[in-house]
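Colleague: just to be clear, the model below is a prediction. Sequence and coordinates:
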Amino acid sequence: MDEPDAGTLEALPDHDFRRVLCVVAHPDDVEYGTSAAVAEWTARGIEVAYLLLTTGEAGMQRPPAETGPLRAAEQRAACRAVGVDRLQILNHPDGVLVYSLDLRRDIARVIRQFRPDVVVTGSWEIEPSYGLNQADHRAAGLATADAVRDADNTWVFPELAQTEGLAKWGADWLLVSGHTRPTHGVPVSPQAVERAVASLDAHAAYLGDLPDHPAPRDFIPKLLAGQGRALGTGHGVLFRGYRLRG
Ligand SMILES: [Zn+2]
């Protein structure tokens, strides 16, 4: 990743965050750095929920029927490592996730249910900070960006209010991880770095299927140290932040 120059980014003004919703395509997507910010937030009493759009059933060598439940269990352990109790996994198809109105509605529904101040998702750029993006990540990121607005519009998906009783909800921030042009960052403690390593370690069976994958301890702290430099701090997590209201 090409980090911005040292000390050039400001810390995210997260002192009044109460609820954060992370929306990603797969089990493990939050665990490549973002989970350090999650650990930092939950340690401060902020409630964080994860919404996964697929079970990641196409991500291993074993059959999807076996992989889906295995990866969901590993994700639950990853959540525990960073203080997240609330995990919801939808059954959109892994590997062939489609940007669609149905996907936007499903995300908007959860935004209205959880009522987060902040929605976090991954970059939908073709080439985010970590290389060539994956198709599901692009669909998930873009659908989430749009669903944040949908959730706050009375006339988009009116059935969410009319038949499900879900009042519209406007988040204050959209944060995009892995973006090539970050605007803000969350400084994280050494404890949060440790918990981030543990959260990726929790995906042991999945990582075991990837023979060339480095051990989490060998790259997560380094990654967070690199991002911390832009904040002028030891370790950090960078985001592109969009202030939506407030
Ligand atoms: Zn993924």
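Modeller: Received it, and whenever you're ready, just let me know what you need.

Colleague: could you use CA atoms for every contact and neighbour count after this?
Modeller: Noted.

Colleague: thought residue 149 was touching residue 173?
Modeller: No. Look at residue 149 against residue 173 with Cα atoms under 8 Å: they stay out of range, at 10.9 Å.

Colleague: could you find the closest non-adjacent residue to residue 24?
Modeller: Spatially, and ignoring its direct neighbours in sequence, residue 24 is nearest to residue 52 (5.1 Å; Cα to Cα, 6 or more residues apart in numbering).

Colleague: next one: that neighbour, what pLDDT does it get?
Modeller: We have a pLDDT of 98 for residue 52.

Colleague: report the contact partners of it.
Modeller: Counting by Cα atoms under 8 Å, 6 or more residues apart in numbering, residue 52 makes contact with 23-27, 87-90.

Colleague: partner residues bridging it?
Modeller: Beta-bridge partners recorded for residue 52 (DSSP bridges): residue 24, residue 89.

Colleague: from the ion, how far out is it?
Modeller: Distance of residue 52 to the ion, given as Cα to the ion, to the nearest Å: 10 Å.

Colleague: equivalent analysis for residue 214, please.
Modeller: Distance of residue 214 to the ion, computed by Cα to the ion: 16 Å.

Colleague: ok, residue 240 touching residue 173?
Modeller: No. Look at residue 240 against residue 173 with Cα under 8 Å: they stay out of range, at 10.2 Å.

Colleague: show me the contact partners of whichever strand in the chain runs longest.
Modeller: As assigned by DSSP state E, the longest strand anywhere in the chain is strand 236-243. The contact list for strand 236-243 (Cα under 8 Å, 6+ apart) reads 33-34, 36-37, 172-179, 181-188, 224-229.

Colleague: what mean pLDDT does that strand have?
Modeller: On average, the pLDDT along strand 236-243 is 98.

Colleague: likewise for stretch 176-189?
Modeller: Here stretch 176-189 scores 97 as its mean pLDDT.

Colleague: report whether it contacts the ion.
Modeller: No. Judged by Cα under 5 Å from the ion, stretch 176-189 and the ion are separated, with a smallest distance of 12.2 Å.

Colleague: what residues does this structure have near the ion?
Modeller: Taking Cα under 5 Å from the ion as the contact definition, the chain meets the ion at 26, 29.

Colleague: contacting residues for the residue of the chain positioned farthest from its centre?
Modeller: Most distant from the centre of the chain: residue 162, at 29.3 Å, with distances by Cα atoms, centre = their mean. Residues counted as contacts of residue 162 (Cα under 8 Å, 6+ apart): none.

Colleague: need the pLDDT of it.
Modeller: Looking at residue 162, its pLDDT reads 97.

Colleague: which strands and helices sit next to the lengthiest helix in the chain?
Modeller: Ranked by residue count, the top helix of the chain under DSSP state H comes out as helix 64-81. Applying 3 or more Cα pairs under 8 Å, 6 or more residues apart in numbering; DSSP states H and E, we find helix 64-81 packed against strand 86-89, helix 190-201.

Colleague: if you set the cut-off to 7 Å instead, what comes out?
Modeller: Applying 3 or more Cα pairs under 7 Å, 6 or more residues apart in numbering; DSSP states H and E, one finds that helix 64-81 contacts helix 190-201.

Colleague: run through the residues that contact the nearest residue to residue 202 once chain neighbours are set aside.
Modeller: Nearest residue to residue 202, sequence neighbours excluded (Cα to Cα, 6+ apart): residue 78, at 5.1 Å. Listed by Cα atoms under 7 Å, 6 or more residues apart in numbering, the contact set of residue 78 reads 199-200, 202.
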